[in-house]
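A.B. asks: Structure for this input, please:
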Amino acid sequence: MQRSQDARTVLHITNDFTDEVGGISRHVDELTKHQAQRAKVVIAYLTRQRSDQVYEDEFGRLVHLISHKGSSLVRLFSPLTARLNATIESCEPDLIHVHTPIEALQFTSPGRIPSVYTQHSSVLDRWLEVPGLRQAVLARLDSFSEVIAVSESVANKLKPIRTVVIPNGVNENWPFNSSEQRAAARGALLNKHGIADPGGLLLLFLGRLVKNKGLEPFLLANKSLLSGNHGRMTFVVVGDGNQLSRLTNLVSRESLTCVHLVGKVDPGEVTNYYGAADLCIIPSIREPFGMVALEAMASGALSIINPIGGLVDIVQDGKNGYHLGPSLSLLPVLAKLSNETQKELRQRAIDTVCERYLWSSVAERTWARYEPLFSS
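C.D. replies: Below is the predicted model:
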């Protein structure tokens, strides 16, 4: 990797990185890939792996794997590891960018090194709603040189702290699928999981199976539809989490014959699932940004969202996707869909991504916030 001789060193601190499926993981991965083209990038990745190691990856990023103490609660009341402090000392960064909330609340920038925090965590989002805790969290975040919010919703929750809104993005090489490619992807996906194709719409949920993602209330609100009583459709649920057993029992108990829980998939495969779907269902109860909505739109799947948090920044009802109503029923959305409507909205969705949410633009905007900090 060729860099200028006076390239800056930027240290990123995170407990979500490339072996995780999630918005923070993809944000750190894509942002640092772009930054590695112009700077020395070091990533301190706090992970549950028990062996610390250091390696340089194919993008020229120096990755320090640092074992942490486990759950969020345990880590919150444990000091940052000596290994992380040693990493900071050894790489001599010109700037430190923190991406995860536990680390943000514990972090104190050594010396006069400027520091940036990006808030895209649903964990910290919840803490900000607890009155006594809120003031302590805001006071801690206010010590950073710069705070970036990934959506207007996040920025509003962080007030009165001054923030700049820089969203997540998608890669320029993302597969913007044609209708022919989508048909082939559908066949391959259903064949892989041994699902018979009844025709009709293919719905997708992709994410962690946890309460905040809102899948259980969505399934209960659409029991009749997902039992096959309103025509042919297939609902593929991709993900793992602490609600998997509960959801599996719900699907069996309610005879939701259209629903197929296929488990966790490799992060490199997610584009195959987006590319096969007609509708991507995002019924989240809490969502600081909504990376799945953005990636689905880039793939030509219509994002159907519960209009909360950062999702409403991305998906405009009836223009590039649809909003669910308070009941979470999908039937009003289905009543609006025609082949022509789907085609028009898919194109608008792709246009939205290309105009506002490419990683090259996100990376440039982030670097522009770094520049004055380097010289401060």
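
A.B. asks: Give the burial count for residue 336, as a bare number.
C.D. replies: By other CB atoms under 10 Å, 11 other residues sit near residue 336. Quick note: C-beta positions are derived from backbone N, CA and C, even for glycine.

A.B. asks: who touches it in this structure?
C.D. replies: 318, 322 (CB atoms under 8 Å, 6 or more residues apart in numbering).

A.B. asks: And for residue 291?
C.D. replies: 22, 23, 26, 27, 168.

A.B. asks: Residue 193: which of those is nearest?
C.D. replies: Distance ranking of these against residue 193, using CB to CB, places residue 22 first at 22.1 Å.

A.B. asks: what does the model give the closest one for pLDDT?
C.D. replies: In this model, residue 22 is scored at 69, pLDDT.

A.B. asks: likewise residue 311?
C.D. replies: In this model, residue 311 is scored at 96, pLDDT.

A.B. asks: any idea where the helices of the stretch 201-350 of the chain begin and end?
C.D. replies: Under the criterion DSSP state H, counting those that start in this stretch, the stretch 201-350 of the chain contains helices at 215-221, 223-226, 244-253, 270-276, 291-299, 311-314, 331-336, 339-356.

A.B. asks: on that earlier part again, inside helices: which ones of the contacts of residue 291?
C.D. replies: Of the positions in these, 23, 26, 27 sit in helices, assigned by DSSP state H.

A.B. asks: picking up where we left off before, now a PyMOL select for only the buried ones of the contacts of residue 291.
C.D. replies: Per 16 or more other CB atoms under 10 Å, the buried members of the contacts of residue 291 correspond to this PyMOL selection:
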select buried, resi 22+23+26+27+168
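
A.B. asks: and the protein, what are its domains?
C.D. replies: Domain assignment for the chain by automatic domain parsing gives 9-169+358-374, 179-356.

A.B. asks: Could you tell me the least trusted of those domains?
C.D. replies: Looking at the domains of the chain, the lowest mean pLDDT belongs to domain 9-169+358-374 (a mean of 88).

A.B. asks: can you give me the offset of that domain from its chain's centre?
C.D. replies: Averaging C-alpha positions (CA atoms, centre = their mean, to the nearest Å) puts domain 9-169+358-374 14 Å from its chain's average.

A.B. asks: Excluding chain neighbours, what is closest to residue 286?
C.D. replies: In this structure, residue 286 finds its nearest non-sequential neighbour in residue 212, 4.6 Å apart by CB to CB, 6 or more residues apart in numbering.

A.B. asks: From residue 104, how far off is the one you found?
C.D. replies: To residue 104, residue 212 is 19 Å away according to CB to CB, to the nearest Å.

A.B. asks: which of those two has more neighbours?
C.D. replies: A direct count of neighbours by other CB under 10 Å for residue 212 and residue 104 places residue 104 higher, at 22 against 17.

A.B. asks: and the longest strand for this structure?
C.D. replies: Selection of the longest strand in the chain by residue count, based on DSSP state E, yields strand 40-47.

A.B. asks: Show me what it is packed against.
C.D. replies: With contacts taken as 3 or more CB pairs under 8 Å, 6 or more residues apart in numbering; DSSP states H and E, strand 40-47 sits against strand 9-14, helix 23-35, strand 62-67, helix 82-91.

A.B. asks: Just checking: what are the partner strands of that strand?
C.D. replies: strand 9-14 (parallel), strand 62-67 (parallel) (DSSP bridges).

A.B. asks: tilt between the last one and helix 82-91?
C.D. replies: Spelled out, it's strand 62-67. On the basis of axes from the mean of the first three to the mean of the last three CA atoms, to 10 degrees, strand 62-67 is oriented at 160 degrees to helix 82-91.

A.B. asks: Now strand 62-67 - C-alpha only, CSV.
C.D. replies: Extracted C-alpha coordinates of strand 62-67, given in CSV (Å, rounded to 0.1, in the frame of the first residue of the first chain):
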residue,chain,number,x,y,z
LEU,A,62,-2.5,-3.1,11.4
VAL,A,63,-5.0,-5.0,13.6
HIS,A,64,-4.3,-5.6,17.3
LEU,A,65,-6.6,-8.3,18.8
ILE,A,66,-7.1,-7.5,22.5
SER,A,67,-9.0,-9.9,24.7
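
A.B. asks: residues making contact with it?
C.D. replies: Identification of contacts with strand 62-67 by CB under 8 Å, 6+ apart yields 17, 40-57, 81, 83-84, 87, 91.

A.B. asks: Buried members of those into ChimeraX, please.
C.D. replies: Entered in ChimeraX, the line below selects the buried ones among those, by 16+ other CB under 10 Å:
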select :17,40,41,42,43,44,45,46,47,81,84,87,91
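
A.B. asks: All set, thanks.
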